[in-house]
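sequence isn't available, so here's the structure alone:
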């Protein structure tokens, strides 16, 4: 009976763990799991280890350092989270675990799903289409800012606007930007700014915050109010990484409130430079036109009074008077231009004070000197190594080195090197060069 027994297939624990891992990874795609954090640990390696549990079970999880560093919050015991990852088996202990690629707070996950659903709905209606976006005027004369008057964002915006274009007329349309009442206030403020006809452009802005803090800018009512606005709307909500549905609906989006201020208005320095160039061209054109008119008048007077010497004298006197007047006015005009130029240069000098650049130039000089010293030392070191390498190479091919190994060089009476037997004959006198001297030889026979 023993000889007829079915052979047993014996597996090791490692094989069982490998088979279980292959089975899990091959049959389970990327999954989302929601639960409570427990046993949170982050050793010196930077990896994040924890258990995800509910009332009946728990699942061991590992989040590797590269992914854990991307978390926007600190995981802690008892926190309700939503994770995404793949199921696998940790073979060393034979335990099932989850390799986590993404983690978010559970409440934020629900908001994110609501965000995606509403975004898809409004995009299907064409509210985010680029074809309906309106262009902003080249020069905004009056700007309406819908935001909280006490927030940090409005201070940044006003500071940038005052620095770049102080002539801009700015009005704040106050509204709450967070909380349950914020949506209705934002919609009302935006509609009033659009219908009032007071503004060339509207800026909708607030500072950064969590997804919950910014949620009022993801409401459908506000999105439709932005689309219905009769004035181009720019959104600058939160930080660069924050994106709301208001950003998709607005005619333009800026990554930060300060960036929005820079996009809406030109730089006064560039405008002043452009104005200087245009004034110079206009003055040159006007002077050329005036000179041409004077020349045409002179020629007409000469033709008209060519036969009247008195008329020529009168014309010459008038011409002399005009030239004297222009000569007297010339220093005044030059002085006026010099004063204006001096004022402009003084402003530019204060803006580019040497003291501001001295530290940078000092650092650049120090870096340059350090680089020069380092380059010189490196070049010298490379040259020395190259000389040593050439010396070794020269020594390896030197005939003297060959003689040191027991070889000799034969010369005939004429000093020519004897390389072949055919070059020798009996009784021929030869000399042999050895490592430490020469030997005189005579050929007795040739074989």
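It's in. As the structure is a computational prediction, the values presented were derived from the model and not from experiment.

how about low-confidence regions in this structure?
Low-confidence segments of the chain (pLDDT under 70): 1-7, 25-26, 107-110, 304-312, 351-353, 356, 400-401, 404.

so what touches stretch 337-356?
269, 272, 276 (CB atoms under 8 Å, 6 or more residues apart in numbering). To be clear about C-beta, it is placed using only N, CA and C from the backbone, and glycine gets the same treatment.

residue boundaries of the helices in the stretch 301-447 of the chain?
309-351, 354-397, 399-404 (DSSP state H, counting those that start in this stretch).

same check on the stretch 51-200 of the chain?
Remark: helices assigned in the stretch 51-200 of the chain by DSSP H, counting those that start in this stretch are 65-68, 106-124, 152-164, 182-195.

quick one: the second one to chain centroid distance?
Translated: helix 106-124. Its chain's C-alpha centre and that of helix 106-124 lie 30 Å apart, by CA atoms, centre = their mean, to the nearest Å.

and if you look at the first one?
In terms of CA atoms, centre = their mean, the gap separating the centre of helix 65-68 from the centre of its chain is 23 Å.

now that helix: buried residues?
Buried residues in helix 65-68, counted by 16 or more other CB atoms under 10 Å: 67-68.

who does it touch, helix- and strand-wise?
strand 95-105 (3 or more CB pairs under 8 Å, 6 or more residues apart in numbering; DSSP states H and E).

please apply the same query to the longest one.
On a contact count with 3+ CB pairs under 8 Å, 6+ apart, helix 106-124 meets strand 80-90, helix 220-228, helix 245-249.

got the angle for that helix vs strand 95-105?
60 degrees (axes from the mean of the first three to the mean of the last three CA atoms, to 10 degrees).

could you shift the numbering so residue one becomes 333, and keep it that way?
Yep, numbering from 333; the last one is helix 438-456 now.

identify all contacting residues around helix 438-456.
366, 412-414, 436, 460, 542-544, 547, 550, 552, 555, 577, 580-581.

over to stretch 468-486?
If you take CB under 8 Å, 6+ apart as the criterion, stretch 468-486 is touched by 489, 493, 500-510, 518, 521-522, 525, 530-539, 563-564, 566, 568, 583-584, 589, 596-598.

try it again with 7 Å
Stretch 468-486 has contacts (CB atoms under 7 Å, 6 or more residues apart in numbering) with 489, 500-509, 518, 521-522, 525, 530-539, 564, 584, 589, 596-597.

got the domain ranges for this structure?
For the chain, automatic domain parsing gives the domain ranges 345-443, 464-598, 601-683, 736-774.

surely residue 423 touches residue 351?
No: using CB atoms under 7 Å, residue 423 makes no contact with residue 351, being 10.3 Å away.

between those two, which has more neighbouring residues?
Under the criterion of other CB atoms under 10 Å, the comparison of residue 423 against residue 351 puts residue 423 first, with 15 against 12.

next up, the contacts around that one.
Per CB under 7 Å, 6+ apart, neighbours of residue 423: 346, 349-350, 353.

distance of residue 616 from residue 655?
Distance, residue 616 to residue 655, by CB to CB, to the nearest Å: 21 Å.

and if you look at residue 487?
Taking CB to CB, one finds residue 487 at 59 Å from residue 655.

these two: who's more crowded?
Of the pair residue 487 and residue 655, residue 487 is the one with more neighbours under other CB under 10 Å, namely 13 against 10.

count of neighbours near the residue nearest to residue 603 when sequence neighbours are not counted?
Leaving aside its chain neighbours, residue 603 sits nearest to residue 497 (7.8 Å; criterion: CB to CB, 6 or more residues apart in numbering). Using other CB under 10 Å, residue 497 is surrounded by 20 other residues.

now do residue 525
Using other CB under 10 Å, residue 525 has 26 other residues around it.

for residue 505, same thing?
Residue 505, neighbours per other CB under 10 Å, totals 22.

show me what it is bridged to.
residue 478 (DSSP bridges).

so who does it touch?
By CB under 7 Å, 6+ apart, the residues touching residue 505 are 476-478, 521, 524-525.

Provide a list of residues in contact with residue 459.
Listed by CB under 7 Å, 6+ apart, the contact partners of residue 459 are 555, 559, 581.

one more time with 10 Å
451, 453, 552, 555-556, 558-560, 577, 580-581 (CB atoms under 10 Å, 6 or more residues apart in numbering).

now residue 759
774-777.

what pairs with residue 394 across the strands?
residue 381, residue 431.

and it, how many neighbours?
When neighbours are counted by other CB under 10 Å, residue 394 registers 17.

residue 420 is in contact with that one, correct?
Yes: between residue 394 and residue 420 there is a contact at 9.1 Å, judged by CB atoms under 10 Å.

what sits in contact with each of these two?
Counting by CB under 10 Å, 6+ apart, the residues touching both residue 394 and residue 420 are 429-431.

these, buried ones only, as a PyMOL selection?
Of the shared contacts of residue 394 and residue 420, the buried ones can be selected in PyMOL as follows, counting by 16+ other CB under 10 Å:
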select buried, resi 429+430
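
I'd like the shared contacts of residue 394 and residue 420 as JSON lines, with distance to residue 389 appended.
Shown next, in JSON lines, are the shared contacts of residue 394 and residue 420 (distance: CB to CB, whole Å):
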{"residue": "429", "distance to residue 389": "13"}
{"residue": "430", "distance to residue 389": "13"}
{"residue": "431", "distance to residue 389": "18"}
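
residue 581 contacts residue 567, doesn't it?
Yes: using CB under 10 Å, residue 581 is in contact with residue 567, at 7.8 Å.

between these two, what contacts are shared?
Contacts common to residue 581 and residue 567, judged by CB under 10 Å, 6+ apart, are 536, 549, 558.

what about the second one, neighbour count?
Residue crowding around residue 549 was assessed by other CB under 10 Å; the count is 26.

how near is residue 607 to residue 397?
56 Å.

please read the previous query as pertaining to residue 548.
Taking CB to CB, one finds residue 548 at 36 Å from residue 397.

residue 715 now?
Taken as CB to CB, the span from residue 715 to residue 397 is 45 Å.

please apply the same query to residue 739.
65 Å.

same thing with residue 663?
Taking CB to CB, one finds residue 663 at 76 Å from residue 397.

repeat that for residue 525.
Residue 525 sits 48 Å away from residue 397, taking CB to CB as the criterion.

buried stuff in stretch 521-532?
For stretch 521-532, the neighbour count (16+ other CB under 10 Å) marks 521-522, 525-526, 531-532 as buried.

repeat for stretch 754-764
Buried-residue list, stretch 754-764, by 16+ other CB under 10 Å: 762-763.

quote the end-to-end distance of it.
End-to-end distance for stretch 754-764: 17 Å, by CA to CA, to the nearest Å.
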